[in-house]
Every structure is written in C-alpha cells, then in structure tokens.
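Engineer: Dropping the sequence and predicted coords here.
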Amino acid sequence: MSNELVLITGATGHLGFRTLRAALEHGYHVRAAVRSEQKATNLRSNPVLQNTRGYSNLTFTIVPDFLVPNAFDEAARDVNSIVHVASPLVTKAPASASDLETHFIQPAVRGTLAIFESARKTSTVRRIVVTSSVIALQPLSAFASPDPTIYTAENRLPEIEGPITNPGAAYAASKIAALNRAEAWLDAEKPPFDVIHIHPSFIFGRDDLAASTADFQTGTNRIPLNVVLGSGGDAMPNNFNSVDDTAEIHVRALDPAIQGGQSFIVSNSGMDGMRFDDAKEIVARRFPEAVKNGDLPNNGSNPSVVSKFDASKTEKTFGIKFASYEDVVVSVVGHYLELLEKERKEEKN
C-alpha cells in the first residue's frame, strides 16, 4: 500500500481532516486538495497532523475553485484513488435564502462530477469514495415525526424541487441531487473506475481543527455539547456516528477487496433507545467535577425523533463495531473542557 497515492478533498473540515489522518495512518501517500496555500499552511502546522504516523507522505495541491472546468485535472494526475469529502455545510449557510442553491446544490453536484471527469482522464484512478449522507436516503419528513420505515443504503429519493427557502432543506437537496446525478453519470459513462458512496448521519467526536470553545458551534458537535451546556436545539432524528468510525470506513473502502458500486450507511440504528438528552446522564457520571463547578450546567435539552437505519451491512463488510453515544459524548465534552482550560490559562497570562 506504500506506493498508493490518494487524493483527498475536504481536508480542512472535521471529517475530511480525520480521514486525511486515517489514510496516512494506513500507509497511503496522500495528496490533499485545498483552495489556497494558506489553507495548506494551516494544515501543515496542525500539531495533531504533524504527529500522525505517515505525515511525511503528505503533499498538497491547490485547487482554488472546484467548479471551474477541469478543476481537478492536475490534482488527479497519477493518483490511484480519490476520497471526495468536500461538500457545503449547513453551519456555513449564506444569510440570503436566494443564494441557497448556489451555495449547496451546485457545488455538491458539480464538484462530484468534476472529480469524475478528471479521474476519467487519468489511466491510474481505480476507485473514488464519495461522502454522501443518510439525508440522501431518508425523506425530510422523518425529521418532524417518527417514521416506521427502516432505511437501508439502497434507498433512493427523488430530487427536491425548488424554491428552497431554508438551509436544512437545501443541504438535503444537495445530497440527494449529488447522489442521483453521480449514479446517473456512472451508468451513462461507464468509466474505468468504480465508486463507493458513504452515508453518515450526524458526525460527533473530537475535532482537532477546533482552536477554541467557540468553534464547537460551527459543526455538529454542538448537538450533544449544547445539551450539557444548558441550551439545546430543535427536534432531530436520533442518529449519530463517530468521526473516527466514518473516517476509518472511508479509508477501508479504498481496498480493492471491497466491491465497488456500493453504498454504506454509517450510523446507529435509531432503534437502540438513544436520545440526545442522554448526554446529561453520561456527563454527570463521567465529568462530575465539571458539573459540580458549573462548567457543564448539564440542564439543556435537544428533543429526539426516532429515525431507523439498517447499517449492519457496513459493520459486516468493514469488520467494525460502531462507537457508542457515550463514546462520542465523552470525546466531544472532554475536548471542550481541554480548550476551556486552555482559554482560561491564556486569559491569566
């Protein structure tokens, strides 16, 4: 595997960064596509990345605009596989609803197809792993009320018609459209490479790109964290996964022993009784001092809607047992307390 070169997009995000590290840990040579030299510098200087096994096998390529024609031609040159994680996030939605399609749908669809087009021009790319989402498999109605359906990685949805007026719906529309149009392109073009789609639910776990406690509010880690910080949010499907598990599965999916042309869900089942508010009991037990001294008020609430997935194929195929909700809550809250202590020390100096 030491001679395998992998192109990774999205390495400046929570999942992408962890996937980058996992690929290096597995012995791959990695070329990370970033939008600017400054972003490459920021990653190079990250102490966690610097201490990752295989760090010397990391290089960068600058792709300023993922949507221009032939954007990834040079980036894809001589690579053996591609992990395409980059995608617009709800937490970075534009203020104006009129820009939602431009922000979400166009980059998700055109970015994925641009990767495919550039890969086809090479003689080396044999597999592409694409980050999708469970939201591409399950209708938005499941966010509002319990749904008796047990969804699998084989479910597909029709594209959402506009106008789209809120970021959540725009994100869902982008993931549905990207999946559907990617599969249509593959059927029509029959390229020399195959594709595997990974469908995570809410991603929780330590984010070593976070530099401050405020950074927790820009990603999905805010969901369990805000429950223990005394706030919360609107009702959400009771699904989650560990960033470590999701990154590991992205990298294991590069193995040619895994058959291409498949989709894999990375999520708890939703039928296990998990609720986001369970974080309060976990924190009371695992971080009693922080609760006692008020660092973790532990009195918020985030309602949960039962949402059902069958991810047994994923665990069986990749030989992995998904992390528990307690595992991810401890990871997120422990990291938050680390940064809180660091900020307090800096204030004193």
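Structural biologist: On my side now, so go ahead. Residues are numbered from 1 along each chain as shown.
Engineer: can you pull out the strands in the stretch 1-150 of the chain?
Structural biologist: Assigned by DSSP state E, counting those that start in this stretch, the strands in the stretch 1-150 of the chain fall at 5-9, 29-34, 58-62, 81-84, 127-131, 150-151.
Engineer: for these, which one ends up most surrounded?
Structural biologist: Ranked by mean neighbour count, the strands of the stretch 1-150 of the chain are led by strand 81-84 with a mean of 28 (mean count of other Cβ atoms under 10 Å). C-beta here means a position set from N, CA and C on the backbone, and glycine is covered the same way.
Engineer: Just give me how far it sits from the chain centre.
Structural biologist: 14 Å (Cα atoms, centre = their mean, to the nearest Å).
Engineer: Can you give the contact residues for it?
Structural biologist: Identification of contacts with strand 81-84 by Cβ atoms under 8 Å, 6 or more residues apart in numbering yields 4, 6-10, 19, 23, 76, 111-112, 115, 119, 125-131, 250-251, 254.
Engineer: Partner strands of it and their direction?
Structural biologist: When sheet partners are counted by DSSP bridges, strand 81-84 sits next to strand 5-9 (parallel), strand 127-131 (parallel).
Engineer: Dump that strand to CSV, restricted to CA.
Structural biologist: This file holds the C-alpha atoms of strand 81-84, laid out as CSV (Å, rounded to 0.1, in the frame of the first residue of the first chain):
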residue,chain,number,x,y,z
SER,A,81,-7.8,6.6,-5.8
ILE,A,82,-9.8,9.6,-4.6
VAL,A,83,-11.7,10.3,-1.4
HIS,A,84,-14.1,13.2,-2.1
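Engineer: before we move on, the earlier item: out of the strands paired with strand 81-84, nearest to residue 35?
Structural biologist: strand 5-9 (9.9 Å; Cβ to Cβ).
Engineer: which outside residues touch that closest one?
Structural biologist: For strand 5-9, the surrounding residues in contact (Cβ under 8 Å, 6+ apart) are 16, 19-20, 23, 28-33, 61, 63, 66, 72, 75-76, 78-86, 111, 115, 254.
Engineer: possible to save the strands paired with strand 81-84 as CSV with mean pLDDT?
Structural biologist: Rendered in CSV, the data for the strands paired with strand 81-84 read as follows (pLDDT from 0 to 100):
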stretch, mean pLDDT
strand 5-9, 98
strand 127-131, 98
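Engineer: Tell me which of these lies nearest to residue 219.
Structural biologist: strand 127-131 (14.4 Å).
Engineer: what about the helices in the protein?
Structural biologist: Remark: helices assigned in the chain by DSSP state H are 14-25, 37-44, 47-50, 100, 106-120, 167-189, 222-229, 243-252, 278-286, 288-292, 312-318, 325-348.
Engineer: Which of these has the lowest mean pLDDT?
Structural biologist: Of all the helices of the chain, the minimum mean pLDDT falls on helix 100 (a mean of 82).
Engineer: chain center to it, what's the gap?
Structural biologist: 20 Å.
Engineer: just checking, what packs against that helix?
Structural biologist: Contacts defined by 3 or more Cβ pairs under 8 Å, 6 or more residues apart in numbering; DSSP states H and E place helix 100 against no helix or strand at all.
Engineer: Switch the helices of the chain over to CSV; also include distance to residue 160 and mean neighbour count.
Structural biologist: Formatted as CSV, the helices of the chain follow (distance: least, Cβ to Cβ, whole Å; neighbours: other Cβ atoms under 10 Å):
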stretch, distance to residue 160, mean neighbour count
helix 14-25, 23, 25
helix 37-44, 31, 14
helix 47-50, 37, 13
helix 100, 11, 23
helix 106-120, 12, 21
helix 167-189, 4, 19
helix 222-229, 23, 23
helix 243-252, 24, 24
helix 278-286, 31, 18
helix 288-292, 42, 14
helix 312-318, 26, 16
helix 325-348, 29, 16
